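> model the structure of this input:
(one chain, ligands or ions: 1)
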Amino acid sequence: MLRRTNYGEVTGFKASRTILGRPIYFTHFFFLNGLLIDTGPHCSSKEVITALKKLPVEKVVITHQHEDHTGNCSLISEELGVPIYAHPATIRVMADPPDNIEIYRKVMWGMAPRAGANPVSRIVTAGCYSLEVIHTGGHSIDHVCYFEPHNRWLFCGDIYLGENLTGFMVGENIAEHLTGLQRLIALEPKILFCGLKGRLTNGTKKLISKYNYWWDICFRVKKLFEAGKSRREIITAVFGSEMFFYYFSQSSWGRRYLIDSIIENLDYFETGQKKIPQETQFS
Ligand SMILES: [Fe+2]
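Got it, this is the predicted structure:
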């Protein structure tokens with residue numbers, strides 16, 4: 001399934017595999033003035049390439065290595081012949097995608113075929129626009145966002161996803177997440193173009209809410225851990241239980257990985273910036 005929505009100069013695409021006619025997970029990617037930001041999952045490849053052939057795509061940039069964002073890079077290279085730019089760590093994964101990803105990833109997105117890309121520079125142009133490339137890490141080691149300062153648009157890949165998320169994929173890093181969010185909040189974005197939720201208003205307010213929600217959880221976990229509680233006891237005390245998706249994802253996405261990352265980064269919470277007052281929000 002692929003749906004297209006026009007937001008003025010930005011075109012949004014919303015892709016999903018469907019099962020019995022029902023979409024199971026949405027991935028959004030965007031087009032601005034010749035620039036395609038992410039490519040959608042490979043399971044939607046036929047619809048994606050048909051849609052993109054109707055647009056004047058000049059180049060592609062990628063937010064991060066996950067296959068729902070890089071899934072159509074190979075096809076776009078072959079069919080459109082346009083250059084693709086990405087973080088060096090993204091390029092390495094694209095050149096040699098893992099074949100041992102969990103079943104849920106194969107079902108929801110499909111595997112990304114091998115593809116080539118060039119290192120992205122600090123500024124990416126899209127016609128009259130210049131977008132700043134902001135490395136955040138956190139969600140994945142290579143994660144970057146693209147910020148257009150004139151309209152304060154933030155193409156934020158999977159760094160936002162929602163305000164009250166409690167599940168982490170294996171390998172996500174809470175300290176990098178919080179540092180990355182601080183960096184993005186300082187830009188005072190007005191509009192988020194999110195990989196999961198599409199176009200969102202009140203961008204800075206949403207990022208601050210997410211930051212503060214996680215900061216509260218981090219301190220609750222820190223206190224419980226320092227009081228001698230086990231990780232299982234901490235999950236019960238903070239969340240009640242593990243999330244259902246933990247079992248569906250072959251134990252690769254769950255609350256335990258957020259707890260693990262907080263415990264691995266306890267020293268960060270001694271020196272990291274504290275909660276951000278909501279009154280500092282720009283919009
Ligand atoms: Fe992702």
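
> tell me the buried residues in stretch 58-66?
Within stretch 58-66, the residues that count as buried by 16 or more other C-beta atoms under 10 Å are 59-66. The way it works is simple: take the backbone N, C-alpha and C, and place the C-beta from them, glycine included.

> that stretch: how far from the chain's middle?
12 Å (C-alpha atoms, centre = their mean, to the nearest Å).

> does the ion sit close to that stretch?
Yes - with C-beta under 5 Å from the ion as the criterion, the ion is reached by stretch 58-66 at His66.

> gap between the residue lying closest to Gly203 once chain neighbours are set aside and Tyr257?
Nearest residue to Gly203 in three dimensions, chain neighbours excluded: Pro189, at 3.8 Å (C-beta to C-beta, 6 or more residues apart in numbering). Distance, Pro189 to Tyr257, by C-beta to C-beta, to the nearest Å: 27 Å.

> same question for Gly8.
For Gly8, the distance to Tyr257 - C-beta to C-beta - is 38 Å.

> those two: which has the busier surroundings?
Tyr257 (20 against 9; other C-beta atoms under 10 Å).

> burial measure for the closest residue to the more buried one other than its chain neighbours, as a count.
Excluding its sequence neighbours, the residue lying closest to Tyr257 (C-beta to C-beta, 6+ apart) is Phe168, at 3.8 Å. Burial of Phe168 is recorded as 23 neighbouring residues (other C-beta under 10 Å).

> my guess is Phe168 contacts Glu264. True?
No - between Phe168 and Glu264 there is no contact under C-beta atoms under 8 Å: 11.4 Å.

> can you name the residues that contact the closest residue to Thr136 other than its chain neighbours?
Nearest residue to Thr136, sequence neighbours excluded (C-beta to C-beta, 6+ apart): Gly180, at 2.9 Å. Residues in contact with Gly180 (C-beta atoms under 8 Å, 6 or more residues apart in numbering) are 134-138, 143, 159.
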